[in-house]
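Colleague: Dropping the sequence and predicted coords here.
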Amino acid sequence: MVVSGGPVRVVVVEDEPQIRRFVCEAVRKEGCLPVEAGSGRAGLDAVAAGEATLLILDLGLPDMNGIDVIRELRRWSALPILILSARSAEQEKIEALDAGADDYLTKPFGIGELLARVRVLLRRHGPGGESTPVHRFGGVEVDLARYLVRRDGAEVHLTQIEFRLLATLLANTGKVMTNRALMREVWGAGYAEQEHYVRIYVRRLRQKLEDDPTRPRYLLTETGVGYRFQP
Ligand code: CA
């Protein structure tokens, strides 16, 4: 993948040399150029030096908290961020997503899983990755600009909240959205503590749009975190 003549640079921030090497090797296989950093500060410097397309960030770093790295970066950059987190650090992972990370992988992860996430993020943020107003998945067609949803050609009625929830998930295709982020986007800041609404409305959307609402193929649950639209 090539953007504006140069290779795609992926900054890899990970203090464990073995994992860092593994990730860099995978990134290279994808045709990208890895830029290695062993600490949060070195990672921020590498991003600030320019030309980075993606940041892969371990949350457990020796010099600073990975969440602080995300917060600092988000003050001046919209660079996509994929976080690597320990299995025991569930709450940290959610905090990182709320702070502006785009996706996560839980250690240990395989190369296939890693590359799938990297590709989604590069596609979403790459040239031509702009979201289009019309989305199609399964037999469903969603025209965001005209507030129109069809399933197998027949119009599906969605309430305003259902439509906004669907539009938010579609606008963030492939990206995990925390319950809190969905509450903020769909209901507004004042409802942040009513996270069970999200579950109720996702269930309604599945009933209207999925072939088998109990085994959804598109509106996926990220256990303990939130939801993801996967086309
Ligand atoms: Ca670490």
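Modeller: Here it is on my side, so go on.
Colleague: and the closest residue to the ion within the chain, how many neighbours does it have?
Modeller: When you check the chain against the ion by Cβ to the ion, the closest residue turns out to be Gly60, at 3.7 Å. Glycine gets a C-beta too; all of them are placed from N, C-alpha and C. With neighbours defined by other Cβ atoms under 10 Å, the count for Gly60 comes to 15.
Colleague: could you list every residue that touches it?
Modeller: By Cβ atoms under 8 Å, 6 or more residues apart in numbering, the contact set of Gly60 is Asp15, Gly66, Ser85, Ala86, Ala89.
Colleague: Disregarding residues adjacent in the polypeptide, which is nearest to the second one?
Modeller: So that's Gly66. Leu59 (3.5 Å; Cβ to Cβ, 6 or more residues apart in numbering).
Colleague: The one you found reaches Glu92, doesn't it?
Modeller: Yes. Look at Leu59 against Glu92 with Cβ atoms under 8 Å: they come within range, at 5.6 Å.
Colleague: So between the two, which is more surrounded?
Modeller: Ranked by neighbour count (other Cβ under 10 Å), Leu59 and Glu92 place Leu59 first, with 23 against 18.
Colleague: quick one, which residue of this structure lies the farthest from its center?
Modeller: Relative to the centre of the chain, the most outlying C-alpha is that of Ala154, 30.9 Å out, by Cα atoms, centre = their mean.
Colleague: That one bridge partners, please.
Modeller: Judged by DSSP bridges, the bridge partners of Ala154 are Arg151.
Colleague: could you say what helices and strands the helix or strand where Leu114 lies packs with?
Modeller: Assigned by DSSP states H and E, Leu114 belongs to helix 111-125. Contacts defined by 3 or more Cβ pairs under 8 Å, 6 or more residues apart in numbering; DSSP states H and E place helix 111-125 against helix 17-29, strand 52-58, strand 81-85, strand 103-106.
Colleague: Skipping its backbone neighbours, what lies nearest Pro7 in space?
Modeller: Nearest in space to Pro7, with sequence neighbours left out and distances taken as Cβ to Cβ, 6+ apart, is Leu33 at 4.2 Å.
Colleague: Confirm for me that that neighbour is in contact with Cys24.
Modeller: No. Contact criterion Cβ under 8 Å: Leu33 and Cys24 do not qualify, at 9.5 Å.
Colleague: and the ion, which of the contacts of Gly60 contact it?
Modeller: By Cβ under 5 Å from the ion, the members of these lying near the ion are Asp15.
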